[in-house]
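Novice: Sequence and computational prediction follow.
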Amino acid sequence: MKNAYIWVLWLVNAIIFVLSTRNPIYLFLVLISLFILGNRKTKPQHRKAWFILNLRFLISMILISSLVNGLFTHLGQTKLFHFPSNWLLIGGDITLESLIYGAVNGLIIGSLYLSFNIFNLALSVKQLSRLIPRAFHPIGMTATLALTFFPSIQQRAREIKEAQMIRGNPMKKISDWLPILLPLIVTSLEDAIILSESMTSRGFHAVSNRNQENFSIISLVIGTFLIFSGWILNLFDYPQVISIFLYVVGGSLIIFILLKKGCEFRVTHYHRVSWQKKDIIFCAIFLIAIITQIIFAALYENNFSFTPYPQLSMPSLNIGGFLLSVVPLIPILASNHD
Amino acid sequence: MKNTLTGILTDIFVFLVGLSSLLAPFILPQSRNSEIQSSAFPIVVSLIIILCLAIVFIETQSSVLDNKMIAFLGVLISINAGLRFLENAIPGPAGFSPTFFLIILVGYFFGSRIGFLMGAMTMFVSGLITGGIGPWLPGQMITAGWVGQTASIASFISKKLHFKEKFGEVLVLTFFSAFWGMLYGLIMNLWFWPFLAGGAGSSWSQDASLLENLGKYGAYYLATSVIWDITRSIGNILIMLTMARPFLKVFQRFYLRFSFHFEGSES
Amino acid sequence: MLFPLSQYWRPTMINIEALSFKYPNISQYALENVDCQIEPGTLTLIIGPSGSGKSTFLRCINGLVPHFSGGTISGKIDVFGSDPITDGPETLAANVGFVFQEPEAQFVFDIVEDEIAFSLENMGVPRTEMHARVDDIIERLELSSIRHRSIHEISGGEKQKVAIASVLVTNPKVLLLDEPTSQLDPISANQILKLCVHLKNNSDLTIMISEHRLERLLPYTDKVIEINDEHKLFIGSPEQIIPHLQNVPPVVAIGKKLGLNPLPLTVEGFPDNVINNKKPGAKLVLPVLQETNSEPILEIKHLSAQINQKAILDDISFNLKQSEILVLLGKNGSGKTSLLRSILGLMVSMGEKYFKGQNFTDLPITRILDQIGYLPQNPSDLLFAETILDELKITLKNHGLEKTDQDLIDFLQQFNLAEKSHQYPRDLSVGERQRIALAAITVHDPDIIFLDEPTRGLDYAAKDLLSMLFKDWRDSGKGILLITHDVEFAADLADRVTILEGGKIIFTGSPSAAFSQFPAFQTQTARLFNAFGWILPEQVS
């Protein structure tokens, strides 16, 4: 699976599921899937370190979030102990339910973090930077240049440090770094002038057609405002239909404008994204998973959800939830070299 | 670096929408009692922030970004992303980060648009390099962008006070970077907060007042982040005081070379 | 074209009329009233000291000047029917390729083939066609072995080759090269120049190149443009221009000295009968190295170093005497720079090091550096202060010393920098920057000076100044260890030569032996008069 778009779909699917379920059993399953997949994606010599690092992060997140929620929230019926109610902010009952609720939050943070971590592992920096839409061609270029220059700037920083050391710089105080940073920045800016000359003389245009800029910007602002208001309305008890309508209108407006902007840059790309048979199958699976989740969410509310309040109970389970919890594991079917 | 009317209006819009998304847990305590929304909260905030970033990017592309500025930013972002690796190597207080230094100076010197881009793209590129692409990234990008953008206000202040090219300029910058050293942590924790203590019926339960929610956030902030933020501020102060002057001179020298435009030939 | 005649009326491809240009905020003209015609398919060589306007002239042809530099321009330029002044460099990009001096700074992507495809991407060439054209150029320039490599891994010469490929991929009609070899070692430089000659002979490209290494190009040059210190242009054939130059290649200097007419421009073109007439009767006896009696100030015994278990230096022993210039020769990767770094303690090494008879093997690096001044390959790494004087004071402060401004200005006299002591180092020319760096590493008066490629990117005048400076230092008793690829420069200075190969010393001896017996390091004079032991034009009689 070298195709970046499939990994994006994989990520979207994982995020939607992790966020829509608060069921600790499903979250556990997702985490196990992610740990297995991540282990596979890490280089063998780094596997142990990767595993320990992420496990430690997960556990500390669970601890912190149950602590924070436990101290601040005093709902729930299984009282463990009681702080005097005149204690500022944390005064009140400490309940098992609020601790569990916090721990579930920790599981969610851990799963999200791990999904993105695997996403970063699976794709090279190059692939990631190519995901920047063409509408942002000039700004994407600054990122590309920064990545291209990164190794040589690190190298030059080492050389300058050495040169200044030979000149007797003791490297002790913050101000001793000035002799390194200043030549580094001056030489790099001199390089930047040559770089931009080189780009210009090879036909690079930063500037697209400027006639309709205001139109594009205003449309983007309107689109964003629509989505923002849809979200705010949804937070209150307005009918969900209004929000969905606002999302769709705003989203289409933004997508339309970005596509239009993208076409203004008449550039082509040397690299093609490969779509092998396997890629198409994976793509279909993740798309189906995503669409299923959206339909379920629209038709039945909270079908995978779980809440410990008011009194702790066993989370309910169903086959759909189990299936969706192992979908993130699917890329393991593709070999690492594909 | 002219600010057009559209530019200023989009800035205000982005600032309001971005900030109110981040502050939503506090300003909307009476929201719907749905727990799913609370865990999805930060992700939705990130998505809205991505849209805000897109607006500023498109606006910047069409106003100030030419070939020279692209190369200039590319190289500076590369240096700045690299400085994040130097954080441990430079002797200084813990949490000390030279990253803001360049962002602030670029915003101060090259104006709000370039400053915003410098901040946002530094976070983006170092995210790419360190494998730190995640839902927290848009929040980091827009906050660092604001750091660079508001540096143009510092520039305005020193101009009004006739501090330009005097020591007063360094003082303004130092104060400014200390201020952002604190504020950055405050805003970034804001994004994370609903994760930790989110959920209707829990920490911002219907009966909880705005003040109480702020109090809880304050307690959490004091317990987890404030030490780091203070050391970051001290680091910013030190690095500004020692290095701002020579760096401003360098930018002064390069400013002209990066901003020449050909106006037409002499007959 | 309505009338076929119109082609007759515009026979030249590049036509420049009454071109004048001033950089912004500078009152002096960078180019004044230039008229010039370049015919299609020709090779034009542009020569002159640095700062004379060679780069400006080339940049006028693709529109970087004035669109990029700003400034005021007047006159007319016509490049194959388009006007760079009105159209700008982005439009000219399809027809005019530009290769820059610095190999690394001009790259946009980090993979070779991506870089080559960049200009096609900007032109919006469809992907299939783009792949075909990239494949074609990679084959033509023989780059297939490195096409997937990172530009950070390939050599300087390969970088310039990639830079040429990435402009040739659009099939331009004009190729402009701005000192493409000044940052390269002689072998890579030769490859690039060979490629230029190949392109001239095998395509209808019009090539304009500014270059200090005339030897390789002169036989194929149709036209020479000399730009002098006063920004005046002299245009003509090589035979017309070269003899009147102030600084000529050694072979021309010999021809002048012997009063030859026509003047030979290359070693191959040097008349054989002149050499044969001079054939000495007796068998050549190379002068034996005059061992000076002075004590060695630096002695290295059995020095070895490794990087990743690979031996970089293998049992190196040598010494450096007072009042001596020891030249260290060797190909790329032979371990020259590693040797300097090991002695300075920047690299872990085994062996013993003595300074004036005292063992300093285990001394901390700061103590070693009190005795040794070291000029790194890139002098810009050193400079950051606001004025030259400040730059010197920083070194003094680092060593815990102090001197008055007047003392420092006197010290700068020998570098020809005294009257510039309050200027910003970065604003000055490459040669001046090099001398500032030298001043900054010697202001604490070390007895030993290490120089790593001090002549890179310098023109003749700047090299002459360095040469005088180093001789002065030698005469004042310092020991100098000089690494260089520039054999003509080294032959003039060396008291003794050591040659490194694969981390081992394979030769130590007299300059006349070194510069005549090793084909890789032969000077032009030695190539002509190998049997005489002459290595410099001055020795020819």
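Specialist: Sure, I can see it.
Novice: in the chain, what spans have low per-residue confidence?
Specialist: Went with chain A since none was named. A:1, A:88-89, A:207-212, A:298-305, A:335-338 (pLDDT under 70).
Novice: you looked at the wrong chain, it should be chain B
Specialist: For chain B (pLDDT under 70), the answer is B:1-3, B:27-39, B:84-97, B:196-210, B:261-267.
Novice: Tell me which residue of it lies closest to chain A.
Specialist: Closest to chain A within chain B is residue B:74: 2.8 Å, counting by Cβ to the nearest Cβ. Any C-beta I mention is one placed from the backbone N, CA and C, and that applies to glycine too.
Novice: quick one, what contacts that residue?
Specialist: A:141-146, A:148-149, A:192, A:195 (Cβ atoms under 8 Å, 6 or more residues apart in numbering or on different chains).
Novice: give me phi/psi at it?
Specialist: Per-residue torsions, residue B:74: phi -50, psi -50 (degrees, to the nearest 10).
Novice: That one and residue A:139, how far apart?
Specialist: Distance of residue B:74 to residue A:139, computed by Cβ to Cβ, to the nearest Å: 10 Å.
Novice: Share the number of residues neighbouring the residue of the stretch 1-150 of chain B found nearest chain C, please.
Specialist: At 7.6 Å from chain C, residue B:68 is the closest residue in the stretch 1-150 of chain B, using Cβ to the nearest Cβ. Per other Cβ atoms under 10 Å in any protein chain shown, the neighbour tally for residue B:68 reads 22.
Novice: Leaving out chain neighbours, which residue sits closest to residue B:10?
Specialist: residue B:59 (5.1 Å; Cβ to Cβ, 6 or more residues apart in numbering or on different chains).
Novice: distance between the one helix or strand the residue of the stretch 1-150 of chain B closest to chain C maps to and the chain's centre?
Specialist: Element membership for residue B:68, per DSSP states H and E: helix B:67-86. Helix B:67-86 sits 16 Å away from the centroid of its parent chain (Cα atoms, centre = their mean, to the nearest Å).
Novice: ditto for stretch C:379-396
Specialist: 24 Å.
Novice: Same question for stretch C:335-344.
Specialist: Distance of stretch C:335-344 from its chain centroid, counting by Cα atoms, centre = their mean, is 22 Å.
Novice: How about residues contacting it?
Specialist: Contacts for stretch C:335-344 (Cβ under 8 Å, 6+ apart): A:166, C:298, C:300, C:303, C:305, C:307, C:312-313, C:316, C:328-330, C:347-349, C:351, C:353, C:365, C:368-369, C:372, C:374, C:377, C:450, C:452, C:481, C:483, C:500, C:502-503.
Novice: Would you mind extracting the C-alpha trace of it into CSV?
Specialist: The C-alpha trace of stretch C:335-344 is given here as CSV (Å, rounded to 0.1, in the frame of the first residue of the first chain):
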residue,chain,number,x,y,z
GLY,C,335,41.9,12.1,3.1
LYS,C,336,43.4,15.6,2.9
THR,C,337,40.7,17.4,4.9
SER,C,338,40.4,14.5,7.3
LEU,C,339,44.1,14.9,8.0
LEU,C,340,43.7,18.5,9.0
ARG,C,341,40.7,17.8,11.1
SER,C,342,42.5,14.9,12.9
ILE,C,343,45.5,17.2,13.7
LEU,C,344,43.1,19.8,15.1
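Novice: Contacts only, for residue C:317.
Specialist: Counting by Cβ under 8 Å, 6+ apart, residue C:317 makes contact with C:300-303, C:505.
Novice: Tell me the buried residues in the helix or strand hosting it?
Specialist: Assigned by DSSP H and E, residue C:317 falls within strand C:310-321. If you call a residue buried by 16 or more other Cβ atoms under 10 Å in any protein chain shown, then strand C:310-321 has these buried ones: C:312-314, C:316, C:318-321.
Novice: I figured residue B:128 hits residue A:124, correct?
Specialist: No: Residue B:128 is not in contact with residue A:124 according to Cβ atoms under 8 Å; the separation is 9.8 Å.
Novice: neighbour-wise, which of the two wins?
Specialist: residue B:128 (23 against 13).
Novice: Who's the closest spatial neighbour of the more buried one, skipping the chain neighbours?
Specialist: residue A:125 (5.1 Å).
Novice: ok, that neighbour to residue B:74 distance?
Specialist: Where residue B:74 is concerned, residue A:125 sits at a distance of 15 Å (Cβ to Cβ).
Novice: dump the residue contacts of residue 43.
Specialist: Looking at chain A here, since you left the chain open. Contacts of residue A:43 by Cβ under 8 Å, 6+ apart: none found.
Novice: think we crossed wires, I meant chain C
Specialist: The neighbourhood of residue C:43, defined by Cβ under 8 Å, 6+ apart, consists of C:196-197, C:200, C:207-209, C:217, C:220-223.
Novice: What are the phi and psi values at it?
Specialist: Dihedral angles (degrees, to the nearest 10) for residue C:43: phi -110, psi 120.
Novice: List the buried residues for the host helix or strand of residue C:201?
Specialist: Using DSSP H and E, residue C:201 sits in helix C:186-202. By neighbour count with 16+ other Cβ under 10 Å, helix C:186-202 contains the buried residues C:188-193, C:195-197, C:199-200.
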